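Participant: missing the sequence, but the structure's below:
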């Protein structure tokens with residue numbers, strides 16, 4: 001049995017979990033999320049605990065068991081506490097600012113890069129070189145963070161670019177001069 005799939009999911013107070021029309025719906029103080037159910041996987045809500053079980057031992061069902069449990073656990077965490085990713089901008093003259101709901105990034109290109117956050121994602125600039133991406137959907141927060149990082153990924157020689165907070169960039173040695 002899946003080690004991840006076996007673990008019960010505690011439901012915090014103020015959060016409700018329901019099974020509606022072949023989908024698991026989680027509602028909480030921060031919003032509402034839902035994920036479709038997979039055939040062969042059962043989700044049961046007993047008291048303040050969610051238990052995910054599988055109906056058979058087929059390879060495909062085993063593969064989905066832990067995944068569905070992780071998706072439901074992330075939904076419960078998202079609607080109760082939310083998710084946040086921090087980004088750092090490193091480089092001379094590189095900076096970020098907000099204009100309304102639009103993020104403006106000066107990254108050394110001839111024109112600034114403009115990015116508008118999708119629905120359900122909140123961008124915040126915590127200084128000229130610090131960004132944070134917040135939301136209730138873990139996948140969406142990670143995807144938006146990856147898109148922003150992709151505008152100027154950290155390069156290995158000087159370390160300039162956009163990186164995740166605490167990310168370690170492996171540096172390369174530059175050219176050695178002729179002697």
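Facilitator: Arrived safely. All values derive from a computational prediction rather than experimental measurement.
Participant: which residues sit against stretch 33-49?
Facilitator: For stretch 33-49, contacts defined as C-beta atoms under 8 Å, 6 or more residues apart in numbering pick out 8-11, 17-20, 22-26, 50-56, 58, 60-61, 64-65, 68, 71-72, 75, 78-79, 136-137. Glycine gets a C-beta too; all of them are placed from N, C-alpha and C.
Participant: cutoff 7 Å now
Facilitator: Stretch 33-49 is contacted from outside by 8-11, 17, 19, 22-26, 50-56, 58, 61, 64-65, 68, 71-72, 75, 78-79, 136-137, using C-beta atoms under 7 Å, 6 or more residues apart in numbering.
Participant: any idea how far it is from the middle of the chain?
Facilitator: 21 Å (C-alpha atoms, centre = their mean, to the nearest Å).
Participant: buried residues in it?
Facilitator: If you call a residue buried by 16 or more other C-beta atoms under 10 Å, then stretch 33-49 has these buried ones: 33, 37, 38, 40, 41, 43.
Participant: can you tell me the SS state at the residue nearest to residue 122 when sequence neighbours are not counted?
Facilitator: Once flanking residues are discounted, residue 122 sits nearest to residue 134: 4.5 Å by C-beta to C-beta, 6 or more residues apart in numbering. Of the three states, residue 134 takes strand under DSSP: H, G, I helix; E, B strand; the rest coil.
Participant: who does residue 134 bridge with?
Facilitator: In this entry, residue 134 is beta-bridged to residue 84, residue 122, by DSSP bridges.
Participant: show the contacting residues for it.
Facilitator: So residue 134 contacts 82, 84, 122, 124, 141 (C-beta under 7 Å, 6+ apart).
Participant: for those residues, pick the one with the most neighbours.
Facilitator: Most neighbours among the contacts of residue 134, by other C-beta atoms under 10 Å: residue 141, with 22 neighbours.
Participant: shouldn't that one be in contact with residue 135?
Facilitator: Yes - the criterion here is C-beta atoms under 7 Å, and residue 141 meets it with residue 135 at 4.6 Å.
Participant: which neighbours do these two share?
Facilitator: By the contact definition C-beta under 7 Å, 6+ apart, residue 141 and residue 135 are jointly contacted by 83, 121.
Participant: low-confidence ranges in the chain?
Facilitator: 1-2, 178-179 (pLDDT under 70).
Participant: ranges for the strands of it?
Facilitator: With strands called from DSSP state E, the chain shows them at 9-10, 16-20, 23-28, 31-36, 41-46, 49-54, 83-90, 95-99, 102-106, 113-116, 121-125, 130-135, 161-164.
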